[in-house]
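1. Please find the sequence and the predicted model below.
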Amino acid sequence: MGSWFKTLRAFQSILVASTALPFQRIAEFNSGQHNGRSRRIAKMHEGGTMFHRNFWWFVVLGMFTSVLTAPFIGCGGSAPAVGVTVAASASTVDGTDTVTLTATVSNDKNAAGVTWSVSGGGTMLNTTTTSATFTAPAATASSLSVTVTATSAADATKSGTATITVAASPTVTSLATAQQSVAVGTAYSVQLAGSGGIGPYKNWVLASGSASLPSCLSLSSSGVLSAPQTPTASCVGVYSGIKFTMSDSGVPNSFTATSSAQTITVTGPAIAFSPSLPQGAVGSAYAGSVAATGSLGATTYSIASGTLPPDMVLNASTGAITGTPKATDAGTATFKIAVADAYGDTATSGNLSLTIAAAPAITFSGLPTATATFGVAYASAVSATGGAGALTYQ
């Protein structure tokens with residue numbers, strides 16, 4: 001402001017000098033000249049001097065106006081407005097994690113920077129006029145939204161904000177009912193899941209003190225619980241007390257979570273047999289079957305106990321019983337069938353019965369009636385019925 005007044009005084013001196021100079025010149029001229037012609041010239045000079053004086057008045061007035069208004073140029077509504085923006089190193093964090101915040105102020109002529117404040121929880125540390133560190137509050141069962149505000153120190157009406165989400169504490173989701181069941185002979189793969197924290201979830205393992213997984217299952221670090229090979233009968237059983245643990249992707253610190261005790265049941269197929277076999281008859285081709293239902297893949301059949309009729313045969317691959325019974329097969333045979341499938345599942349039937357009916361009794365329908373005469377050819381017929389198949393006469 002002092003330099004502004006000095007400039008004003010300098011222009012004042014110029015103004016006085018510029019108006020006094022023409023009159024001084026005219027006086028000098030008139031004192032040296034006394035004839036009429038000289039007076040006329042003086043008059044002309046005086047008129048020119050009046051123009052000269054007015055001209056300099058306008059020049060000096062314009063300069064004076066410029067000096068007066070110069071300090072205030074830029075103070076009006078056309079001046080660039082102050083703006084504040086805030087950048088955060090992370091928008092979602094775990095509880096107690098830290099976030100670095102940076103503020104940028106546009107049109108901040110004096111580089112006054114910002115002041116910091118936070119609402120919703122957490123604390124501000126290491127605050128400067130351009131940066132700060134936010135420490136999130138402890139995580140709870142629900143997520144929390146926090147707003148960090150940077151306010152211009154030069155213009156308190158201008159501010160910028162950053163919204164930071166503090167994730168809920170992570171938890172491991174329990175297996176759904178369908179995921180708890182593993183079937184022999186069927187592929188199995190489940191992606192374990194969680195909630196809260198910051199995904200993706202990683203470092204999946206069995207928790208300390210957990211029961212073992214079924215031998216046919218394995219767990220990857222990414223949380224895939226699967227059967228590398230199709231489950232077999234050796235894996236059948238109920239497995240309880242299984243607990244999974246994982247960690248989230250929080251930075252710089254990650255949280256861990258452990259599931260409640262889970263139960264996984266591995267079941268084999270339900271193998272069933274037909275409760276009865278058709279009856280056979282001596283002399284008639286027989287075809288029956290003890291094929292089981294529910295077995296998986298290639299299945300093998302065998303006699304577990306008892307015996308088949310002597311002329312009956314069990315097909316070990318299909319469970320068919322075939323043969324043509326003879327008289328010695330007549331009667332009822334009782335036995336049990338055992339089955340084993342491709343995945344090691346086994347089953348044994350209850351008592352099965354196979355009855356072979358005896359052939360009808362052979363009876364003669366007629367006896368020779370003619371009288372034989374010595375030396376005379378004789379012919380007579382004997383017929384019989386019953387039995388099975390072609391009768392042979394002896």
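-> Nice, thanks for sending it over.
2. Please spell out the segments of the chain that come in under the pLDDT threshold.
-> Low-confidence segments of the chain (pLDDT under 70): 1-78, 366-370, 394.
3. And the residue nearest the centre of it?
-> The residue lying closest to the centre of the chain (CA atoms, centre = their mean) is residue 200, at 7.2 Å.
4. Now do it against residue 165, distance only.
-> Here residue 200 is placed at a distance of 17 Å from residue 165 (CB to CB, to the nearest Å). (C-beta placed from N, C-alpha, C; glycine too.)
5. burial count for residue 270?
-> When neighbours are counted by other CB atoms under 10 Å, residue 270 registers 11.
6. list the contacts for it?
-> Neighbour list for residue 270: residue 294 [criterion: CB atoms under 8 Å, 6 or more residues apart in numbering].
7. Residue 212 contacts residue 239, correct?
-> Yes. The pair residue 212 / residue 239 is scored as a contact, 7.3 Å apart, by CB atoms under 8 Å.
8. who has more neighbours, these two?
-> Comparing residue 212 with residue 239 by neighbour count (other CB under 10 Å), the higher total belongs to residue 239, at 19 against 10.
9. Am I right that that one sits in a strand?
-> Yes. Counting by DSSP: H, G, I helix; E, B strand; the rest coil, residue 239 is part of a strand.
10. what's the burial count for the closest residue to it other than its chain neighbours?
-> Spatial nearest neighbour of residue 239, chain neighbours left out: residue 264 (4.8 Å); criterion: CB to CB, 6 or more residues apart in numbering. Counted with other CB under 10 Å, the neighbours of residue 264 add up to 21.
11. State the distance from residue 264 to residue 208.
-> Residue 264 is 19 Å from residue 208, by CB to CB.
12. Please apply the same query to residue 241.
-> Going from residue 241 to residue 208 by CB to CB gives 12 Å.
13. Likewise for residue 79?
-> From residue 79 to residue 208 the distance is 66 Å (CB to CB).
14. Would you check how far apart residue 238 and residue 180 are?
-> In this structure, residue 238 and residue 180 are 10 Å apart, going by CB to CB.
15. if I look at these two, which residues touch both of them?
-> Joint contacts of residue 238 and residue 180 (CB under 8 Å, 6+ apart) are 263-265.
16. Angles on the backbone of residue 161, please.
-> With angles defined as degrees, to the nearest 10, residue 161 sits at phi -130, psi 160.
17. Count the residues that sit near it.
-> For residue 161, the neighbour count with other CB under 10 Å is 15.
18. which residue packs closest to it, ignoring adjacent ones?
-> Leaving aside its sequence neighbours, residue 161 sits nearest to residue 149 (CB to CB, 6+ apart; 5.0 Å).
19. Who has more neighbours out of residue 241 and residue 208?
-> Set side by side, residue 241 and residue 208 show more neighbours around residue 241, with 11 against 8, by other CB under 10 Å.
20. Look up the closest residue to the more buried one, ignoring the ones flanking it.
-> residue 211 (3.7 Å).
21. picking up where we left off before, now the helix or strand harbouring the residue nearest to residue 161: buried residues?
-> Using DSSP states H and E, residue 149 sits within strand 144-152. Residues 144, 146, 148-152 are the ones in strand 144-152 that count as buried (16 or more other CB atoms under 10 Å).
22. Not counting its own residues, what contacts it?
-> So strand 144-152 is in contact with 82, 84, 86, 88, 101, 103, 105, 108, 112, 114-122, 124, 132, 134, 136-137, 158-166, going by CB under 8 Å, 6+ apart.
23. Over to stretch 350-368?
-> Contacts for stretch 350-368 (CB under 8 Å, 6+ apart): 273, 275-277, 279-283, 286, 288, 290, 306, 308-309, 312, 321, 325, 327, 329-337, 380-389, 391.
24. if we can go back for a sec, so where does the residue nearest to residue 239 fall, helix or strand?
-> Going by DSSP H and E, residue 264 is part of strand 262-267.
25. so how far is the helix or strand following that strand from its chain's centroid?
-> Beyond strand 262-267 in the direction of the C-terminus, DSSP H and E gives the next helix or strand as strand 280-281. Its chain's average C-alpha position is 65 Å from that of strand 280-281, according to CA atoms, centre = their mean, to the nearest Å.
26. any idea which helix or strand comes after strand 280-281?
-> Past strand 280-281, the next helix or strand by DSSP H and E is strand 286-289.
27. packing partners for that following strand?
-> Here strand 286-289 touches strand 320-323, going by 3 or more CB pairs under 8 Å, 6 or more residues apart in numbering; DSSP states H and E.
28. circling back to that earlier point, can you give me the distance of the residue nearest to residue 161 to residue 137?
-> From residue 149 across to residue 137, the span is 17 Å (CB to CB).
29. circling back: ok, now which ones touch the residue nearest to the centre of the chain?
-> 222, 249 are the contacts of residue 200 under CB under 8 Å, 6+ apart.
30. Run a quick neighbour tally on residue 296.
-> 20.
31. who's in contact with the nearest residue in space to it that is not next to it in sequence?
-> Nearest residue to residue 296, sequence neighbours excluded (CB to CB, 6+ apart): residue 185, at 4.1 Å. By CB under 8 Å, 6+ apart, the contact set of residue 185 is 230-232, 269, 296-297, 342-343.
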